[in-house]
Every structure is written in C-alpha cells, then in structure tokens.
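*Asks:* fold the following for me, if possible:
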Amino acid sequence: MKTTLTAALLLAFAAPGFGQVVAVPSRCDDMTKPVMEAIKKLPFPVGWKIVVACNDITWENLRRHAGNPKTKVAFTSLDAHITIVNGNRMQFPEPLESPQRVLAHELEHIRCNCSLGETNH
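*Replies:* As a prediction, this is how the structure comes out:
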C-alpha cells in the first residue's frame, strides 16, 4: 500500500566536514516517524516541503540561513514554501511541542500567510 502525502518530507543531515545538507534517511528514522504521522493528519498545500533537521549542527545552520528565527522547534519560510523542524524536538518533544501541535502551528502560518504576531528579533 502506497501512502500519498500532500507535503514532501525531506531529511536534512549535515555531512561532517563538508558543511552541506544532504538527504540521509537511514540516520533519521526516529526523528521522521513522528513528523510523517503528523503530516498525514494535516492538510499541507500540495508541493509544500518539510525538512527535518536531523542533528543540532544542521538545525543551527538552517536557522542561520533563515535569519535566525527565535525558535527551538520549527519555522516556516512562506516565500520558499518550506517548513523546517528540529528533529531532536520531534523525537523527544516537550509537553506542549508534540509533532502534531508544532506542525499545526506552522500550517497556520501558511494558511494566514502571516507571522501570527511572532517576531524574529
């Protein structure tokens, strides 16, 4: 049985010594499973990309590249049609940071095409 998702799930992993982001699914399974389950329940737009940063180095690099949004969990680039989630926080979520709740919040950014009153500074 093939599962069709409206959002693509990408895996981000920093290759040691290279400083680039590459897809390495075998190293992120525990982090991506809860994200994939949450995506199945949420109506992300067709073609939207969700990236799971599979380690702290990758998470920090992606945050810096996006202008250092003040978040430890996830952020969305409306212009790039992409949501970045911190894989460690998806694997071991805080009480109010379940993958479903985090991705639903990011989906609200997409729906309203707004910051929901959040600031990056």
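*Asks:* C-alpha from now on. contacts and neighbour counts both.
*Replies:* Noted.
*Asks:* hmm, Met31 and Cys54 touching each other?
*Replies:* Yes: between Cys54 and Met31 a contact is recorded at 7.0 Å, counting by Cα atoms under 8 Å.
*Asks:* more neighbours: which of those two?
*Replies:* Cys54 (28 against 24; other Cα atoms under 10 Å).
*Asks:* which residue packs closest to that one, ignoring adjacent ones?
*Replies:* Gly87 (5.0 Å; Cα to Cα, 6 or more residues apart in numbering).
*Asks:* between Cys54 and Met31, which contacts overlap?
*Replies:* Gly87, Asn88 (Cα atoms under 8 Å, 6 or more residues apart in numbering).
*Asks:* and the residue nearest to Cys54, how many residues sit next to it?
*Replies:* 29.
*Asks:* now Asp29
*Replies:* The number of residues near Asp29, taken as other Cα under 10 Å, comes to 14.
*Asks:* could you do the one 4 residues further on as well?
*Replies:* Neighbouring residues of Lys33 were enumerated by other Cα under 10 Å; the total is 14.
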